[in-house]
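> Any chance you can model this:
(chains A and B)
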Amino acid sequence: MMLVLLSILFLHTWSVLLIFILLSLLIATYLGLLIPLLKRLLPILYLGTFMILLHALVNPHNQHFISIFGVEGFNYGLITALRLLAIVTVTQIFMLSNPLRTIISALSWIHPDLGIVLGLVLSILPVMREQMEVTLNVQRARGLRIGKYPWQRMQAFLVVMIPIIIKSLIRAQIMAQLLHVRGYNSKREKRRIDWNYTDKLVIACGLCFLLILVGFGR
Amino acid sequence: MNKKLGLTMVATGIVINIIGGLVATTFKIPIFLDSIGTMLAAVTLGPWLGALTGLLSNLFLGLATDPVNIPFGLVNATIGLVVGYLAKKRGFTDYITPLLAGIILAFVAPIIGTPIAVYLFGGVTGGGVDILYAILLKSGNEIFASAFLARIPANLVDKLLSAYLVMAIIRNLPQSMKGISKGPNAGV
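This next block holds a predicted model:
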């Protein structure tokens, strides 16, 4: 995936980027991921449209105009939006086809402590979200009003966040004690990665893809 | 501070970053407030673990929700480094160090973040900063300069608020959890 993402950086024309995106959508269709992928791409489509509009209107390099829209700005906005869409499409296909836990356990190959940290984050996050809801309801019951002015909202933010932070620090101490009691020790012998035929084939295909797109980008 | 507490503090810092950003979005606050956990980890554990907290926050957010968060991990990591080194030199329990941290980060964070934002998003964020960005572009400034200048006010408010919040929390922590925030002369 990293090689494919790197290859996107070498694409500079909207037509090649569009072909890339269409190919990615075809791959997503083959994997049965098209509908969830499109749902995740929707915010990027809105952002991309806004990007194109803004640059078409106010880009300082606009010299030729169609009505109020500058051609140079439109081109810049279009290429940037398509590049962003291509990057997000590839990464979303990767994330949809690999569950988060699998990615995190793969990251623990780099260092076991990295795996334990990310694993702890996965387990703490739902608890903290619930804590956030409870704190918000408690503070509302005590008279918290989220006003319309930014300083009022900031005050409300502090009133909600400070108890959450204090409780999370206490939880961090308890978790450290639990790790100690359960004998957690990150000193393990270094893992060796054994490359099999499929791994080598996938990396070779990625490198070929990168070289082809570098050629296209020129 | 022992290693296991360090690990759990990094994980907690990541979660505080995520929840902080979520609460700020829920309350429609026009600043980020997603680096409180990074600063907390940096002032207790040191600059490098603070930087790791920042980097992993964006990596986790990117893997769990939106992958465009991942490159901005560099910005969050830089926040950890700057705050960590300030805390190591001066401690973080006085009123001047958070002010210094906020002012330095108001410029350093956009320096790191603007090239990423311009390359990936054309300088657009989809938020209130875009109005200022559009005004600066319309007045003839280049894309990078407009994106950089538009981000300074939001970053100044965001980093000052986060730094003072962390300072207030650190002052009330037990001694065993204060880490390097006590300052270089704490043991004297």
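
> what's the span of stretch B:22-34, first residue to last?
The first and last residues of stretch B:22-34 sit 8 Å apart, counting by C-alpha to C-alpha, to the nearest Å.

> Buried residues, it. List them.
By neighbour count with 16 or more other C-beta atoms under 10 Å in any protein chain shown, stretch B:22-34 contains the buried residues B:V23, B:A24, B:F27, B:I29, B:I31, B:F32, B:L33, B:D34. All C-beta atoms are positioned from the backbone trio N, CA, C, and that covers glycine.

> okay, those residues in a markdown table with pLDDT and distance to B:A51 next?
Formatted as a markdown table, the buried residues of stretch B:22-34 follow (pLDDT from 0 to 100; distance: C-beta to C-beta, whole Å):
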| residue | pLDDT | distance to B:A51 |
| --- | --- | --- |
| B:V23 | 89 | 24 |
| B:A24 | 88 | 22 |
| B:F27 | 87 | 28 |
| B:I29 | 84 | 25 |
| B:I31 | 82 | 22 |
| B:F32 | 82 | 17 |
| B:L33 | 86 | 19 |
| B:D34 | 89 | 15 |
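
> show me which of those residues neighbour chain A.
Near chain A, judged by C-beta under 8 Å from any C-beta of the partner chain, the entries from these are B:V23, B:A24, B:F27, B:I29, B:L33.

> Show me which pair in those is furthest apart.
Farthest apart among these by C-beta to C-beta are B:F27 and B:L33. That separation is 9.3 Å.

> Return every residue with contacts to both of these two.
Taking C-beta atoms under 8 Å, 6 or more residues apart in numbering or on different chains as the contact rule, B:F27 and B:L33 both touch A:F157.

> Tell me which residues of whichever helix or strand A:T135 is part of come out buried.
For A:T135, the element it lies in under DSSP states H and E is helix A:112-141. Neighbour counts over helix A:112-141 (16+ other C-beta under 10 Å) mark A:113-122, A:124-125, A:128, A:131-132, A:135-136, A:139 as buried.

> Residue ranges of each domain in chain A, please.
Split into domains by automatic domain parsing, chain A comes to A:2-104, A:111-181.

> what would the ones you listed look like in TSV with distance to B:L86 and mean pLDDT?
What follows is the domains of chain A, written out as TSV (distance: least, C-beta to C-beta, whole Å; pLDDT from 0 to 100):
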stretch	distance to B:L86	mean pLDDT
domain A:2-104	32	86
domain A:111-181	20	87
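
> what's the helix ranked longest in chain A packed up against?
Longest helix of chain A, by residue count under DSSP state H: helix A:150-181. Applying 3 or more C-beta pairs under 8 Å, 6 or more residues apart in numbering or on different chains; DSSP states H and E, we find helix A:150-181 packed against helix A:112-141, helix B:3-26, helix B:36-45, helix B:143-171.

> From the chain's centroid, how far away is the first one?
Centroid separation for helix A:112-141 versus its chain: 19 Å, with C-alpha atoms, centre = their mean, to the nearest Å.

> what pLDDT does the residue sitting nearest the centre point of chain B get?
By C-alpha atoms, centre = their mean, the mean C-alpha position of chain B lies nearest to B:S35, the distance being 3.6 Å. Looking at B:S35, its pLDDT stands at 93.

> Chain neighbours aside, what residue packs nearest to it?
The shortest distance from B:S35 to any non-neighbouring residue, by C-beta to C-beta, 6 or more residues apart in numbering or on different chains, is to B:I79 (5.0 Å).

> ok, that neighbour - contacts?
So, once contact is read as C-beta under 8 Å, 6+ apart, B:I79 ends up touching B:S35, B:T38, B:M39, B:A42, B:G50, B:G54, B:L105, B:A109, B:K159.

> isn't the last one right next to B:D34, touching?
No. Taking C-beta atoms under 8 Å as the contact criterion, B:K159 and B:D34 are not neighbours in contact, 11.2 Å apart.

> Quick check: buried residues in the helix or strand of chain B with the lowest mean pLDDT?
Lowest on mean pLDDT, DSSP states H and E among the helices and strands of chain B sits helix B:175-178, with a mean of 72. Neighbour-count burial for helix B:175-178, counted by 16+ other C-beta under 10 Å, picks out B:M177, B:K178.

> Does anything pack onto that helix? Which helices or strands?
Looks like helix B:175-178 contacts no helix or strand (3+ C-beta pairs under 8 Å, 6+ apart).

> where does chain B dip in pLDDT?
Along chain B, segments meeting pLDDT under 70 span B:1, B:180-188.

> Quick check: the nearest residue to A:S105 once chain neighbours are set aside vs B:L56, distance?
Among residues not flanking A:S105 along the chain, A:G115 sits closest, at 6.4 Å (C-beta to C-beta, 6+ apart). Per C-beta to C-beta, to the nearest Å, A:G115 is found 11 Å from B:L56.

> returning to what we had before: after the host helix or strand of the residue nearest to B:S35 comes which helix or strand?
According to DSSP H and E, B:I79 maps onto helix B:73-90. Following helix B:73-90 in sequence order, the next helix or strand is helix B:96-121 (DSSP H and E).
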